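K.L.:
Build the 3D model from these lines:
(chains A and B)
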2 protein chains.
Amino acid sequence: MGWKVYFKFVVKLPKALSRLIESLQRLPGVGPKSAGRLAFYLLRTPREFNNDLALAISELKEKVRICSNCFGVSEEELCAVCSDTNRDRSQLCVVERADDVLSFEAIGGYRGVYHVLGGVINPLDHVGPEDIKIAELLGKVKNKEISEVIMATNLTMEGEATALYIKNQISKIKDNIKITRLGSGLPMGADLGFADLATLEKALEGRRVW
Amino acid sequence: MGWKVYFKFVVKLPKALSRLIESLQRLPGVGPKSAGRLAFYLLRTPREFNNDLALAISELKEKVRICSNCFGVSEEELCAVCSDTNRDRSQLCVVERADDVLSFEAIGGYRGVYHVLGGVINPLDHVGPEDIKIAELLGKVKNKEISEVIMATNLTMEGEATALYIKNQISKIKDNIKITRLGSGLPMGADLGFADLATLEKALEGRRVW
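P.N.:
Residues are numbered from 1 along each chain as shown, chains lettered A, B, ... in the order given. The predicted structure follows:
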């Protein structure tokens, strides 16, 4: 499948071009048509741009480190949030991926710290609780002064199940700790006519006195 | 603007990551959000994939050549179409870009050859007739046995103007030559209710006895 089918009658594409199209197509959200379009675009860009992009890609994994405390992305041993002394270490926001940290940071109002799980429990993909950073999270909850754990995994089946699993594990090791889950309901700007029933039900359940 | 605004409150993103996001964002169809998503995806992929992709990008412009006859992409001096002795050299399809050749080749039925202009006449972008391969096209028409020139530039304002300009130039240097333009009308699968008026007008004008 893929671009080879799309270009099935093409006699012979230069190898360097077809190799790039094949690589690009493995990126998320890049289909055969966009991979072709990107590759032809890169043929027209100045050579320095291509070299910069190639360097940025190949250096990425060497230069970017994983924060030893929250497992988010970092340049140093500790990331910018974990090394910031003004952050409230008693509030811990648990997210699936490092990019989720950026989304919360983009809001600007959250002053607590993070814990990146690095995935969710997903039996179909053979990802168990021991494959993500749950033990490390439980260690933090046990040994540190944490007053609230905000479960901010995705609102998917796996995200919900992982949040529930962690909630139960925390309850076993610590009593008076507040565990919260992200609010769910209609997204801002939503049109009720297009909302799915599960979301509408959550919005009704979660209605607030106004 | 761009991802810096989107992530405006982010304290400090690792430099290698922000540099990659900035480069990715310059690609067509890649906005700040997808650039971020791609960069974080590349953090999770195996190192070999990143190295392969980086190599493919940096080698691209060195390995891919421009066919000296049709100006399409090639691995050798002449591209696969131009070096194919079974192609009909009397039928010449004039396209804007090298990727347009692939689209026509994907249909599979065209047995003629191509001429890639490498752009269109666009006064706003300071692209005149001398900036694209029009002189080379006129040279072919003058010196070679060509019975039909298919004008296959885009159906945009610039594409139409370029096609018309070339048609006039060819008429000046050669008499009995057939110059055709791609058929225009409703695309296959179209719903009349969503068609724009210009397309509908073209479809009516170009109606066929059935």
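K.L.:
Do me a favour and get the end-to-end distance for stretch A:115-128?
P.N.:
End-to-end distance of stretch A:115-128 (Cα to Cα, to the nearest Å): 18 Å.
K.L.:
before we move on, what about stretch A:88-107?
P.N.:
This stretch, stretch A:88-107, spans 16 Å end to end (Cα to Cα).
K.L.:
Scan chain A for its longest strand.
P.N.:
In chain A, taking DSSP state E as the definition, the longest strand is strand A:88-95.
K.L.:
check whether it contacts chain B.
P.N.:
No: judged by Cβ under 8 Å from any Cβ of the partner chain, strand A:88-95 stays clear of chain B, getting no closer than 12.3 Å. (Glycine included, C-beta is placed from N, CA and C.)
K.L.:
Does the very next helix or strand once past that strand reach chain B?
P.N.:
Moving toward the C-terminus from strand A:88-95, the next helix or strand (DSSP states H and E) is helix A:98-107. Yes: when contact is scored as Cβ under 8 Å from any Cβ, part of helix A:98-107 falls within range of chain B: A:98-99, A:102, A:105-107.
K.L.:
Paired strands for the following helix or strand past helix A:98-107, with orientation please.
P.N.:
Toward the C-terminus, helix A:98-107 is succeeded by strand A:112-116 as the next helix or strand (DSSP H and E). Using DSSP bridges, the strands paired with strand A:112-116 are strand A:88-95 (parallel).
K.L.:
Whatever helix or strand A:L20 lives in: how far from the chain's middle?
P.N.:
Element membership of A:L20 [criterion: DSSP H and E] is helix A:15-25. How far helix A:15-25 lies from its chain's middle: 27 Å, per Cα atoms, centre = their mean, to the nearest Å.
K.L.:
for chain A, what spans make up the helices?
P.N.:
A:3-6, A:15-25, A:32-44, A:47-63, A:98-107, A:134-143, A:157-173, A:197-205 (DSSP state H).
K.L.:
which other residues reach the third one?
P.N.:
Around helix A:32-44, the neighbours that count as contacts under Cβ atoms under 8 Å, 6 or more residues apart in numbering or on different chains are A:2-3, A:5-7, A:17, A:20-22, A:24-25, A:27, A:30, A:50, A:53, B:27-29, B:57, B:60-61, B:64, B:73, B:97-99, B:102.
K.L.:
Weed out the non-buried ones from the residues you listed.
P.N.:
For the contacts of helix A:32-44, a burial check counting by 16 or more other Cβ atoms under 10 Å in any protein chain shown picks out A:3, A:6-7, A:17, A:20-22, A:24-25, A:27, A:30, A:50, A:53, B:27, B:57, B:60-61, B:64, B:73, B:97-99, B:102.
K.L.:
Domain map for chain A?
P.N.:
Here the domain parsing of chain A from automatic domain parsing is A:13-63, A:85-204.
K.L.:
still on that earlier bit, are the helix holding A:L20 and chain B in contact anywhere?
P.N.:
Yes: applying Cβ under 8 Å from any Cβ, one finds helix A:15-25 touching chain B at A:15-17, A:19-20, A:23-24.
K.L.:
Mind listing residues that contact the longest strand of chain A?
P.N.:
Residues outside strand A:88-95 that contact it (Cβ under 8 Å, 6+ apart): A:101, A:104, A:110-117, A:137, A:140-141, A:144-153, A:163, A:166.
K.L.:
Swap in 6 Å and give it another go.
P.N.:
For strand A:88-95, the external contacting residues (Cβ atoms under 6 Å, 6 or more residues apart in numbering or on different chains) are A:111-116, A:145-152.
K.L.:
Pick out the residue closest to the middle of chain A.
P.N.:
Chain A has A:R97 as the residue nearest its centroid, 3.2 Å off, counting by Cα atoms, centre = their mean.
K.L.:
sorry, back to before: mind picking the two most distant members of the residues of helix A:15-25 next to chain B?
P.N.:
Maximum pairwise distance among those (Cβ to Cβ): 14.9 Å, between A:K15 and A:L24.
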